[in-house]
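Peer 1: Would you be able to build a 3D model of this:
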Amino acid sequence: MGRNLEPTCKKCRREGKKLFLKGDKCDSNKCPMISRNYPPGVHGPNQRRSRLTVYGAQLRQKQSAKKIYDLNEKQFRNYYEKAYNQQGDTGENLLQLLELRLDNLVYKLGFVKSRRLARQIISHGMFLVNGKKVNIPSYQVKVNDVISIREKYQDKKIFSGLAKRLAKKDLPEWLGVNPDKLSGTLLAIPNKDDLSPIFDIKMIVEFYSR
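Peer 2: A predicted model of the protein is given here:
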């Protein structure tokens with residue numbers, strides 16, 4: 001199954017919560033979750049969200065996570081299988097695998113305002129990890145890896161005023177940033193408490209464990 005190409009804001013409305021997929025718009029009054037907080041479809045605001053079964057609730061949590069990280073079912077399932085086969089808590093392992101994707105960290109460090117845009121510019125070869133070009137959005141970043149913008153792309157319009165934005169960025173303790181060098185560093189592997197996802201990782205594990 002391919003990636004979900006449904007309009008971005010409809011994805012949030014379908015899940016019934018903000019998934020923060022469109023950068024600044026999600027924090028503004030223009031967010032459709034404020035003006036149209038009901039499922040998309042021909043019935044409009046008269047629609048009611050049906051009461052979910054346990055399976056349905058688990059499915060919704062999985063769908064939310066897939067949309068947040070912009071993954072298709074095969075990709076997401078592969079992450080679950082890898083998390084399951086690792087030592088430790090499967091849910092925490094899964095969260096870490098998702099969070100340590102290069103595209104997610106480029107977004108979280110503040111280089112761009114959405115994961116989808118991060119995926120695009122990484123694919124175009126604009127980023128380095130430890131000084132080497134990496135154009136694979138799913139690349140797993142390791143502790144002390146330094147993520148930076150290739151010098152020839154630093155004057156692109158998309159990065160205009162970036163040093164000031166990075167200096168003001170409120171980051172979790174497990175991430176660090178150097179505004180002057182337009183770079184960021186993974187300082188530690190985050191745990192479940194550090195991440196506080198807007199989906200229920202336990203329900204996702206239960207979904208795949210059936």
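
Peer 1: what about this structure, any weak spots by pLDDT?
Peer 2: For the chain, the stretches flagged by pLDDT under 70 are 1-6, 8-18, 20, 22-50.

Peer 1: What is the longest helix of it by residue count?
Peer 2: Ranked by number of residues, the top helix in the chain under DSSP state H is helix 54-69.

Peer 1: just the helices in the protein please.
Peer 2: So, for the chain - with DSSP H - the helices run 8-15, 32-35, 54-69, 73-85, 90-99, 102-109, 115-123, 162-168, 192-195, 201-209.

Peer 1: Can you give the domain ranges for the protein?
Peer 2: As assigned by automatic domain parsing, the chain contains the domains 8-98+197-209, 101-186.

Peer 1: What separation is there between the spatially most central residue of the chain and residue 202?
Peer 2: Nearest to the mean C-alpha position of the chain, by C-alpha atoms, centre = their mean, lies residue 69 at 3.9 Å. Plainly put, residue 69 is 17 Å away from residue 202 if you go by C-beta to C-beta, to the nearest Å. (Glycine included, C-beta is placed from N, CA and C.)

Peer 1: show me what contacts the closest residue to residue 112 other than its chain neighbours?
Peer 2: If you skip the residues right next to it in sequence, residue 112 has residue 118 as its closest partner in space, 5.1 Å away by C-beta to C-beta, 6 or more residues apart in numbering. With contacts taken as C-beta atoms under 8 Å, 6 or more residues apart in numbering, residue 118 has the following neighbours: 102, 103, 104, 106, 107, 111, 112, 137.

Peer 1: can you check residue 210 too?
Peer 2: In this structure, residue 210 makes contact with residue 55, judged by C-beta under 8 Å, 6+ apart.

Peer 1: Now do the contacts for the closest residue in space to residue 115 that isn't next to it in sequence.
Peer 2: Once its chain neighbours are removed from consideration, residue 115 has its nearest residue in residue 107; the separation is 4.6 Å (C-beta to C-beta, 6+ apart). Contact criterion C-beta under 8 Å, 6+ apart gives 113, 114, 115, 117, 118 as the residues in contact with residue 107.

Peer 1: Most neighbours out of those residues, which is it?
Peer 2: The most neighbours of any of the contacts of residue 107, using other C-beta atoms under 10 Å, belong to residue 118, which has 25 neighbours.

Peer 1: Against residue 68, how distant is that residue?
Peer 2: In this view, residue 118 and residue 68 are 13 Å apart by C-beta to C-beta.

Peer 1: and if you look at residue 148?
Peer 2: Distance check for residue 148 against residue 68: by C-beta to C-beta, it reads 25 Å.

Peer 1: quick one on the thing from earlier: let's have the contacts of residue 118 in TSV, adding distance to residue 195.
Peer 2: Supplementary listing: the contacts of residue 118 in TSV, determined by distance: C-beta to C-beta, whole Å:
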residue	distance to residue 195
102	17
103	16
104	11
106	17
107	14
111	19
112	20
137	19
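
Peer 1: Before I go, just wanted to say thanks for your time.
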